[in-house]
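>>> compute the structure for the input listed below.
(4 chains)
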Number of protein chains: 2
Amino acid sequence: MNLTLVTFLPIFRRMNKPIQQRTLKTRAKLLEATRAIVAEVGYDGLRTEQVVKRAGVAKGTFFAHFRDKDALLDILIGGDMLAALDDMAAQPAPRDLNQIMDRLNPLMALMTSNRTVFDVILRHSGAAAIETIGPIAESFGRMIEVFAAWFTPDGDHPFRTDVTPELLAEGVQAFMLQALGLQFCALHNALSVDERLGPYLQAWLLPVR
Amino acid sequence: MNLTLVTFLPIFRRMNKPIQQRTLKTRAKLLEATRAIVAEVGYDGLRTEQVVKRAGVAKGTFFAHFRDKDALLDILIGGDMLAALDDMAAQPAPRDLNQIMDRLNPLMALMTSNRTVFDVILRHSGAAAIETIGPIAESFGRMIEVFAAWFTPDGDHPFRTDVTPELLAEGVQAFMLQALGLQFCALHNALSVDERLGPYLQAWLLPVR
DNA sequence: TTCATCTATTGACCGCGGTCAATTCCTTCC
DNA sequence: GGAAGGAATTGACCGCGGTCAATAGATGAA
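So this is what the prediction gives:
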């Protein structure tokens, strides 16, 4: 029963009412069942009916806990992303392009582990058709913070200083998404992600003009 | 019966067989019905059952012509995007940032006209969960060509020349998507698209270092 | 014209995400 | 303890995207 469970729980709850124990139990059962099924058949094969069956609850209970199926995926995938970002932030700031790519690697591996996952991430990142912000959207905000910390003016980094760290960070995010997106595109998968991202970041962070 | 109709038609067709007239008729009816419904209730309210009812054909006929509902949206939205790109390519190459934003405006307006539309575009752009390439993916390729033409070394433009035109173009695309995506995000819609894209492009195309 | 062989169309059917009125369970107050 | 008043849970039900065996229609050969 970790913090993540509690954090995103009381979606439709009145503010001042206590959370019943069974609620936490049920939610934990649903998440655990989901993780087990994903481990067995992957995200593509995930069916809410299987989740509730495995968790031993009724269909309606699922939707009392999660707005829809996407919200559940958001929590699982977003949780993984936030964890990857924590690892990233714990490392020393990168001091050249190769180090940046190293830092980005685990997160990118996660995001491209499968098409469905990347699709969910894209939807929740731009928050295209999503009303509320969830863990994935949060992790995109967090990502900017982590990147921007690499480019603070006081830490002496070798990268361009004519623009704000936040702007640099948003650029890194944009190029990362571009590289990942093209990776899944039938037209442009000749190059690897690194081969594509490298020139982007070189041109973005170290322009010669 | 324009070219677009014919171009994307024979998905599952043997190569050397003639196309029956009724096939074209049916397809045209389906597309026309779709356009009419979208005009009335928007993309969100589009239902395949309504489309086939209005077109006067059976449900199965729809899926004999389009792989799925998304493929139909791909054709409609991608068609609009390609048209916008044609207009863009017909104009003289922009010579400063403001002109670039002017050129991009119609396309961006189209892409952000509604959440569902942007969602479809995102899915088909990165081709996240899509197997085949359709008009939207094609338009993303086309976009790079049009942008790259603005940055050819021989046309004397004021932008940076330390990287290839294609790379510059891909960057413009990445920043455009980033700006549009953040527009739909509940966290970051304080700034307008232009206010966000301007600094991106300034930093990307005119770095001072 | 007739027959054989394709192709296009049909509509009953299915899977699955999501809803909601009814029910059970928990907490609080007397 | 018992009653009142939520809060959580239930499962029959629905909407809609997508399938497929069966049927109708087109085409070319004899």
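
>>> give me the element the closest residue to DNA strand D within chain A is part of.
Closest approach between chain A and DNA strand D, counting by CB to the nearest atom of the strand: residue A:60, at 1.6 Å. C-beta coordinates here come from the backbone N, C-alpha and C atoms, glycine included. Using DSSP states H and E, residue A:60 maps to helix A:59-65.

>>> and for residue A:32?
Secondary structure assignment for residue A:32, by DSSP H and E: helix A:21-41.

>>> ok, and for that helix, which residues are buried?
Buried positions in helix A:21-41, judged by neighbour count with 16 or more other CB atoms under 10 Å in any protein chain shown: A:23, A:26, A:27, A:29, A:30, A:31, A:33, A:34, A:37, A:38.

>>> which non-adjacent residue is nearest the fifth one?
Closest residue to residue A:30 apart from its sequence neighbours, by CB to CB, 6 or more residues apart in numbering or on different chains: residue A:55 at 4.9 Å.

>>> burial of the one you found, as a residue count?
Number of residues near residue A:55 (other CB atoms under 10 Å in any protein chain shown) recorded here: 22.

>>> and it, what pLDDT?
As predicted, residue A:55 sits at a pLDDT of 98.

>>> so it touches residue A:32, yeah?
Yes. Between residue A:55 and residue A:32 there is a contact under CB atoms under 8 Å: 7.4 Å.

>>> picking up where we left off before, among the buried residues of helix A:21-41, which are within reach of DNA strand C?
Taking CB under 7 Å from any atom of the strand as the test, DNA strand C is in contact with none of the buried residues of helix A:21-41.

>>> ok, of the residues you listed, which one's closest to residue B:101?
Nearest to residue B:101 out of these is residue A:38 (CB to CB; 43.0 Å).

>>> hmm, who's touching stretch A:51-63?
A:26, A:29, A:30, A:32, A:33, A:34, A:36, A:37, A:48, A:49, A:72 (CB atoms under 8 Å, 6 or more residues apart in numbering or on different chains).

>>> swap in 6 Å and give it another go.
A:26, A:29, A:30, A:33, A:34, A:48 (CB atoms under 6 Å, 6 or more residues apart in numbering or on different chains).

>>> excluding chain neighbours, what is closest to the fifth one?
With CB to CB, 6+ apart as the criterion, residue A:34 has its nearest non-adjacent residue at 5.3 Å, and that residue is residue A:51.

>>> flag the shaky bits of chain A, pLDDT-wise.
A:1-18, A:126-131, A:186-189, A:209 (pLDDT under 70).

>>> quick one: contacts for residue A:167?
Each residue near residue A:167 by CB under 6 Å, 6+ apart is listed here: B:199, B:203.

>>> tell me the angle the host helix or strand of it makes with helix B:165-184.
Take DSSP H and E as the rule and residue A:167 turns out to sit in helix A:165-184. Using axes from the mean of the first three to the mean of the last three CA atoms, to 10 degrees, the direction of helix A:165-184 lies 110 degrees away from that of helix B:165-184.

>>> one step back: check which helices and strands the helix holding residue A:32 sits against.
helix A:48-55 (3 or more CB pairs under 6 Å, 6 or more residues apart in numbering or on different chains; DSSP states H and E).

>>> quick one, domains of chain A?
A:3-65, A:69-205 (automatic domain parsing).

>>> just the ones you listed: most buried one?
domain A:69-205 (a mean of 18; mean count of other CB atoms under 10 Å in any protein chain shown).

>>> give me the contact status of that one with DNA strand C.
Yes. Judged by CB under 7 Å from any atom of the strand, domain A:69-205 and DNA strand C are in contact via A:69, A:70.

>>> quick one: distance of that domain to the chain centre.
9 Å (CA atoms, centre = their mean, to the nearest Å).

>>> what does stretch A:52-63 give?
On CA atoms, centre = their mean, the centre of stretch A:52-63 falls 26 Å from that of its chain.

>>> what's the span of that stretch from first residue to last?
10 Å (CA to CA, to the nearest Å).

>>> and it, is it in reach of DNA strand C?
Yes. For stretch A:52-63, a contact with DNA strand C is found by CB under 7 Å from any atom of the strand, at A:59, A:60, A:63.

>>> and the last one, how far from residue A:153?
Read it as residue A:63. Distance of residue A:63 to residue A:153, computed by CB to CB, to the nearest Å: 48 Å.
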